Structures are given as C-alpha cells and as structure tokens.
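S.K.: Just need the structure, nothing else, for what follows:
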Amino acid sequence: MQVAVLSDIHANRHALEAVLEDVERSEASEIWCLGDVVGYGADPNDCTELIRRHAAICLAGNHDLAVTGALSLDDFSRGAALAARWTQEVIAPEPLAWLSDLRAAGDRAGVRLYHGSPRDPVWEYVLSALLADLCLDATPAEVTLIGHSHVALAFHRLEGESATGERRRSDEEPAALAGRRWLLNPGSVGQPRDGDPRAAWLLLDLEAGTAAWRRTTYDVDGAAAAIRAARLPDSLAERLQYGQ
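M.R.: Numbering: from 1, shown residues only. Okay, the predicted model is just below:
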C-alpha cells in the first residue's frame, strides 16, 4: 500500500488543491493528514472540506485545537493568535464540529502518527537527533510520522546506536526503511519553513519499505492574495514566497 502523508496545511487552499492533484497522479491509495488543517491561511472551510473528503485519517494540530477552543490563544504568537481568532469567526459549524472530534495522535497500518511527537503529540518540535532519540524511545513502531515543524526530514536509528537524521529534498533517492527505525516528517503543505516555497508531502510505500519526499508547485501569489484580502497579518502572506 502506498500512502500520501500531508501535514501543516494551514488553510492554504491553493497549496492543498495542487498537492491533491499530484497525489491523484501517484500510486497512493490513501491520504493521511498529521494536523493543522487550519491556521495561518485564508480558506479554513475549503481546506477542512477537502481533507474530510480525501483523508483516511486526520489528526488535530495545535492550530486546529486553538480554533476549537481546546488550547488557549495565549500560548500562540501574535500572528497565529490573530489568524485563529479570524478563523473562529469565519469557520462554519460543521467543519468546526469535525475539527473538535480530532485527536493529536493515532495509528494506521502499523504506523504511529503524531502531530508533534510521541512524547508530546501537540507541541514538541523534533528538529535534532537528540530529540529524535528520545522520541524513538517513546514509541515501539518501526515507522513513526510527525508534523508540526514544517520541515521535511527523516531520522533513523539502528539497534544499539544513536539516532541520526537530516532534512530531505525531493530530488533525493527514496529512503529505504528496512533494518532500522524511522521518524519521518513530510514537511508542510501550506507553509514550508525549509527555504523551499513549494508544498511538501511524503509518499510512503509500506510494501516496498520506502519513503519519498515530494514538492508541488502551486499558486503562491494567489494564496498570499487571499491572506491579504482576509486582512490577516501581511507577514503570513509574505513568508510564503520564501519558504519560511
């Protein structure tokens, strides 16, 4: 079975629609979403509807939990809090109810899924080998998927050794998963933070035991214009073109 893994969509309809078209052209039979369907972008209703329709499983991210009221906006940056308040004003009752039912951790086909990490499913950013080691200690799964950091990366660990890892690019060969344990992050669909403005996602082949990182070009200017039209902070629009 091949799976398309998406994370951190952040209400960026332009990016999500482009990725879904890319996924349709792939061999993926399911879509798994690691959370933050809503957040910094201007299309929370459209993105929620698309993920509800296409994803076999979806987790709650911290921005989703902020919009539903499960997390205090005091825990967020000014821009994130403003976007969450705006989203609370415009989101329809049905997608809001759907978001309220999501959880930040799950499992499917023997793979563990977390928005943040196995140690803290909501908040922990896993960007170092040291943290990856601690997270691999906290889950028994051979393959664990994480989001939240907006960075496409892979950490792995051989038995008896420490974890190692690196950022991943779409022009690299797929990672061969056999023989070691993995912590994989697909990167962000709606707001990448690794210097590449293209939407990021992961194609996971559970039968072949491979993981391939993909990037999809989308209408960045259109997404930025939608943010500005919604009168959200301009910085949320500006950063899209830089992948930051």
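
S.K.: Let me see the contact set for residue 98.
M.R.: Contact analysis of residue 98 by CB atoms under 8 Å, 6 or more residues apart in numbering lists 48, 52. Just so you know, the C-beta spots here come from the backbone N, C-alpha and C atoms, and that holds for glycine as well.

S.K.: Please, which helix or strand holds it?
M.R.: Per DSSP states H and E, residue 98 falls inside helix 93-100.

S.K.: What mean pLDDT does that helix get?
M.R.: Mean pLDDT, helix 93-100: 98.

S.K.: After the lowest-mean-pLDDT helix or strand in the chain, which helix or strand is next?
M.R.: The least trusted helix or strand in the chain, going by mean pLDDT, DSSP states H and E, turns out to be strand 164-167, with a mean of 91. Of the helices and strands lying after strand 164-167 in sequence (DSSP H and E), the nearest is strand 175-176.

S.K.: Assign the residue sitting furthest away from the middle of the chain to helix, strand or coil.
M.R.: Centroid-distance maximum for the chain: residue 160 at 30.0 Å, with CA atoms, centre = their mean. Following DSSP: H, G, I helix; E, B strand; the rest coil, residue 160 is assigned to coil.

S.K.: What does the pLDDT read for it?
M.R.: So residue 160 comes in at 85 (pLDDT).

S.K.: and it, what does it touch?
M.R.: Counting by CB under 8 Å, 6+ apart, residue 160 has no contacts.

S.K.: What separation do you get for it and residue 133?
M.R.: Using CB to CB, to the nearest Å, one gets 12 Å for the distance from residue 160 to residue 133.

S.K.: just to revisit the earlier point, what helices and strands are in contact with the least confident helix or strand of the chain?
M.R.: helix 129-137, strand 152-157 (3 or more CB pairs under 8 Å, 6 or more residues apart in numbering; DSSP states H and E).

S.K.: residue boundaries of the strands in this structure?
M.R.: 2-6, 30-33, 57-58, 105-108, 111-114, 143-146, 152-157, 164-167, 175-176, 181-186, 199-205, 210-216 (DSSP state E).

S.K.: To residue 233, which of those strands lies closest?
M.R.: Residue 233 lies closest to strand 199-205 among the strands of the chain, at 20.9 Å (CB to CB).
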